[in-house]
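Student: Kindly generate the corresponding structure for this input.
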Amino acid sequence: MGSKHSENGHAETGVAMDDPGKVRNIVLVGPSGSGKTTLTEALLTAAGVLTRAGSVTDGTTVCDHDPAAVRQQRSVGLSVAPLVHDGVKINLIDTPGYADFVGELRAGLRAADAALFVVCSAEGVDATTTALWQECAAVGMPRALVIARLDHPRADFAGELASCQDAFGAGVLPLYLPSADAKELFGLISERVFDHADGHPPTVREPSAAELDRVGAARDELLEGIIAESEDESLMDRYLAGDDIDTDTIIADLETAVARGSFHPVFPVCAQTGVGLAELLEALSRAFPSPLEHPLPPVTDPLGRPHAAITADPNGPLAAEVVRTAVDSYVGRVSLVRVFSGTLRPERAVHVSGHGLADRGHEDHDVDERVAHIYSPLGATLREVPYCVAGDLCALTKIGSAETGDTVSAPEDPILMTPWAMPEPLLPVAVVAKTRSDEDTLARNLGRLVAGDPTLRLERNSETHQLVLWCMGEAHAEVVLARLRAGGAEVDTEPVKVTLRETFAGPARGHGRHVKQSGGHGQYAVCDIEVEPLPTGSGFEFVDRVVGGSVPHQFISSVEKGVRAQLDRGLQGTHPVVDIRVTLVDGKAHSVDSSDAAFQTAGSLALKDAAGNGGIALLEPVDEVHVRLPDEHLGTVLGDLSARRGRVLGTAAEDAGYSVIHAEVPAAALLRYAIDLRSLTSGAASFTRDFTRFDPLPEALAAQYV
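Tutor: Numbering: from 1, shown residues only. Predicted structure coming up:
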């Protein structure tokens, strides 16, 4: 995103709407390879935005402009492609279908008012498709379906429709039925046949009596499904009594049904032949909800205090949100913004506020910035527009403080929106700059990536001294590393180290003697300690049992300081020591040469001596893991967890054939679990992990860490 040149022959000027009711924000959702990007190209061409459609294979599509997307031949980021049909601006939001990029999908759901779910006519509904549907359902997003690629050799519209109905419920009903050769569509509402044999636009004809009979049952089922959602309670009685219901009324009720999220119309479409494109554009502009009907996010002021609710009113208070951030080599930072309330205008000051994402590396911030220009994005191309009203999408450049999830509002009335739920990155990748000169470049590039990608978490581990990027999966990590290198930073990866702890294997005594004479005041301190291990999680205790003043009172705390310092440094390695009680039982002091520093050194030496006498045990971190998966994979995943030295605490049944496994697993066995679990379950499972405690490391594994 960011270039201002023309590609694929598209227009250079952007379109700004005045009425939110004339805007449709449609996010395209579906598994990787279902044809979302190809469909977007076809719709843009049909609407006259492009003179020719690009190709995913050739890397010439509007939406897949990222070098990683071109290389992988699949979308890796959210992209916006607006078009105008019948006076309505339709912002198509193309999202990746691969699970690693679910953060881009959630950003698209935040920016949209309805979802167009794209499935291939020859693939069926798999676990990945079901998971994506559940992502949409979780945020209450209205959904319609496109059964695409009707020209596929194994295309089976009826079979795919039945599969969708089984998976997604009885509210899934077609608005059109394709002919056997997929060159004609029968409109069940209009009772017209749309012939696409000569391409786009189709020719329209009256159906034959035989055709009407063939689709009669499907039409009745569709109309009853739509009318059941009508706000006119008498409409169903009229329909059942045989009254003719006019088409405009049916379409109005269809729009209501879609907006409520309980009815999911189905469109047969073939991007290559043009079948269904005109019909889909008509439905997007007439039967999909506008921003006026979509619930808006709750808002507060930047301090978290209540603020009046916002509405999609162009004259209301400015409230917009940064849904995606990219860094372009030519124009710098580009922020994709959804305006929820008010109107965003150029050459105006705005307030940029970001809170609640500090754990992802986004520190809370409130900054006033100035908007110089406003653009309507078309893939990577920015086309300037004079303003952006509530409900529309736009791009802002050079807003230096803006990060994904930030709220943009008026300086005199700052507003903060609650950020949407961000998925937790679960795959750690340790990176290291190849040379010292690459370190500064790496730091700058990491700052840009973290600002734009909330699914990426940066961890600088002070114990292992590693720079760890927490990614969503292997494909996400590949894209992140490619972007780092494209920014000029030469980086390598290395195995991720697990932070360990040390403790005493059993009780021990230690003697610390620090005596030095070098002329003038010397150093003299002697102490004797007893060490005993404590239960896991107890921490450190220091006990004073000195009698007779053998260690003067003022130096007892010095011994404790020395012991604590050695605990932090470790004994066998660099791992901190935990869960022990140290008791000071005796010692000696000198009236002149004893000092605070001398007794600190003696305390440290005494602990080292005790370690040699009592032995050291290594402790490894253990995480509590919750795996959500289809029941058919339950046995496989349980066996895999056991092989990872996991302890299964139990399983619980969920809805629709899913279960959740509760287990405790060593963190070292989870380093690649995000990849392995996806492989074991064909991408159908997900998991969360939280640190719970340190447990003893088996002796057979301890040697590799010493």
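
Student: Centre of the chain to the lengthiest strand in the chain, how far?
Tutor: Longest strand in the chain, counting residues (DSSP state E): strand 616-630. Relative to the centre of its chain, strand 616-630 is centred 23 Å away, using CA atoms, centre = their mean, to the nearest Å.

Student: Packing partners of it?
Tutor: strand 501-504, helix 634-643, strand 658-666, helix 673-681, strand 686-696 (3 or more CB pairs under 8 Å, 6 or more residues apart in numbering; DSSP states H and E). Every residue, glycine included, has its C-beta placed from N, CA and C.

Student: could you list every residue that touches residue 431?
Tutor: 442, 467-469, 481, 484, 491-494 (CB atoms under 8 Å, 6 or more residues apart in numbering).

Student: whoops, I mixed them up, residue 247
Tutor: Contacts of residue 247 by CB under 8 Å, 6+ apart are 189-190.

Student: That one and residue 221, how far apart?
Tutor: Between residue 247 and residue 221 the distance is 17 Å, computed by CB to CB, to the nearest Å.

Student: pLDDT of stretch 129-138, averaged?
Tutor: Throughout stretch 129-138, pLDDT has a mean value of 89.

Student: Going by neighbour count, which residues of that stretch are buried?
Tutor: Residues of stretch 129-138 classed as buried by neighbour count (16 or more other CB atoms under 10 Å): 129-133, 135-136.

Student: got the CA positions of it in PDB?
Tutor: What follows is stretch 129-138, C-alpha atoms only, in PDB (Å, rounded to 0.1, in the frame of the first residue of the first chain):
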ATOM      1  CA  THR A 129     -13.800 -23.200   6.500                       C
ATOM      2  CA  THR A 130     -15.900 -23.900   9.700                       C
ATOM      3  CA  ALA A 131     -13.300 -22.100  11.800                       C
ATOM      4  CA  LEU A 132     -13.500 -19.000   9.600                       C
ATOM      5  CA  TRP A 133     -17.300 -19.100   9.800                       C
ATOM      6  CA  GLN A 134     -17.000 -19.200  13.600                       C
ATOM      7  CA  GLU A 135     -14.700 -16.200  13.600                       C
ATOM      8  CA  CYS A 136     -17.400 -14.200  11.800                       C
ATOM      9  CA  ALA A 137     -20.100 -15.500  14.000                       C
ATOM     10  CA  ALA A 138     -18.200 -14.600  17.200                       C
END
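
Student: ok, and what's touching that stretch?
Tutor: Under CB under 8 Å, 6+ apart, the answer for stretch 129-138 is 29-31, 97, 99, 102, 105-106, 109, 115, 117, 119, 143, 167-168, 683-684, 686.

Student: Among these, which lie within helices?
Tutor: 102, 105-106, 109, 167-168 (DSSP state H).

Student: I'd like those as JSON lines, with pLDDT appended.
Tutor: JSON lines is the format used below for the ones in helices among the contacts of stretch 129-138 (pLDDT from 0 to 100):
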{"residue": "102", "pLDDT": "91"}
{"residue": "105", "pLDDT": "94"}
{"residue": "106", "pLDDT": "94"}
{"residue": "109", "pLDDT": "96"}
{"residue": "167", "pLDDT": "91"}
{"residue": "168", "pLDDT": "93"}
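
Student: Tell me which two in the residues you listed are the farthest apart.
Tutor: 106 and 167 (21.1 Å; CB to CB).

Student: helix or strand for the residue lying closest to residue 454 once chain neighbours are set aside, which one?
Tutor: Of all residues not flanking residue 454 in the chain, residue 422 sits nearest, at 4.7 Å (CB to CB, 6 or more residues apart in numbering). Using DSSP states H and E, residue 422 sits in no helix or strand.

Student: need the strands for the stretch 451-600 of the chain, in chain order.
Tutor: For the stretch 451-600 of the chain, the strands defined by DSSP state E, counting those that start in this stretch occupy 457-461, 466-471, 491-494, 501-504, 508-516, 523-533, 540-544, 580-588.

Student: looking at those strands, which has the lowest confidence?
Tutor: Of all these, strand 457-461 carries the lowest average pLDDT, namely a mean of 91.

Student: by how many degrees do it and strand 466-471 diverge?
Tutor: 160 degrees (axes from the mean of the first three to the mean of the last three CA atoms, to 10 degrees).

Student: What residues sit buried inside strand 457-461?
Tutor: Quick answer for strand 457-461 (16+ other CB under 10 Å): 457-458.

Student: So in that sheet, which strands flank it, and in what orientation?
Tutor: Note on strand 457-461: by DSSP bridges, its sheet partners are strand 466-471 (antiparallel).

Student: Mind listing residues that contact the strand it pairs with?
Tutor: Defining contact as CB under 8 Å, 6+ apart, one finds that strand 466-471 is touched by 100, 425-432, 442, 446, 455-461, 477, 480, 494, 496-497.

Student: Buried only: go through these for me.
Tutor: Buried among the contacts of strand 466-471 (16+ other CB under 10 Å): 100, 425-431, 442, 446, 455-458, 477, 480, 496-497.

Student: Save the strands of the stretch 451-600 of the chain as a markdown table, and put in distance to residue 386 too.
Tutor: Rendered in a markdown table, the data for the strands of the stretch 451-600 of the chain read as follows (distance: least, CB to CB, whole Å):
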| stretch | distance to residue 386 |
| --- | --- |
| strand 457-461 | 38 |
| strand 466-471 | 40 |
| strand 491-494 | 43 |
| strand 501-504 | 61 |
| strand 508-516 | 77 |
| strand 523-533 | 72 |
| strand 540-544 | 65 |
| strand 580-588 | 69 |
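
Student: closest to residue 407 out of these?
Tutor: strand 457-461 (21.4 Å).

Student: A helix includes residue 27, no?
Tutor: No - assignment of residue 27 by DSSP: H, G, I helix; E, B strand; the rest coil gives strand, placing it outside any helix.

Student: Quick one: residues contacting it.
Tutor: Residue 27 touches 93, 95, 105, 108-109, 111-112, 114-116, 141, counting by CB under 8 Å, 6+ apart.

Student: Do you know the pLDDT at it?
Tutor: Confidence score, pLDDT, at residue 27: 97.

Student: residues near the nearest residue in space to it that is not next to it in sequence, how many?
Tutor: Leaving aside its sequence neighbours, residue 27 sits nearest to residue 112 (CB to CB, 6+ apart; 3.7 Å). For residue 112, the count of nearby residues is 28 (other CB atoms under 10 Å).

Student: Could you do the one 3 residues further on as well?
Tutor: Applying the criterion other CB under 10 Å, we find 30 residues in the vicinity of residue 115.

Student: go on, the one 5 residues further on?
Tutor: Counted with other CB under 10 Å, residues neighbouring residue 120 total 21.

Student: residues in contact with it?
Tutor: Going by CB under 8 Å, 6+ apart, residue 120 touches 33-35, 147-149, 152, 160.

Student: what is it paired to in the beta sheet?
Tutor: If you apply DSSP bridges, the partners that residue 120 bridges to are residue 148.

Student: now the chain, which segments are flagged as low pLDDT?
Tutor: 1-12, 360-361, 519-520, 703, 705-706 (pLDDT under 70).

Student: From residue 456, how far out is the most centrally placed residue in the chain?
Tutor: The chain has residue 103 as the residue nearest its centroid, 2.2 Å off, counting by CA atoms, centre = their mean. For residue 103, the distance to residue 456 equals 8 Å [CB to CB].

Student: Could you report the neighbour count for the closest residue to residue 408 other than its chain neighbours?
Tutor: Spatial nearest neighbour of residue 408, excluding adjacent residues (CB to CB, 6+ apart): residue 320 at 4.2 Å. Residue 320 is flanked by 28 other residues according to other CB under 10 Å.
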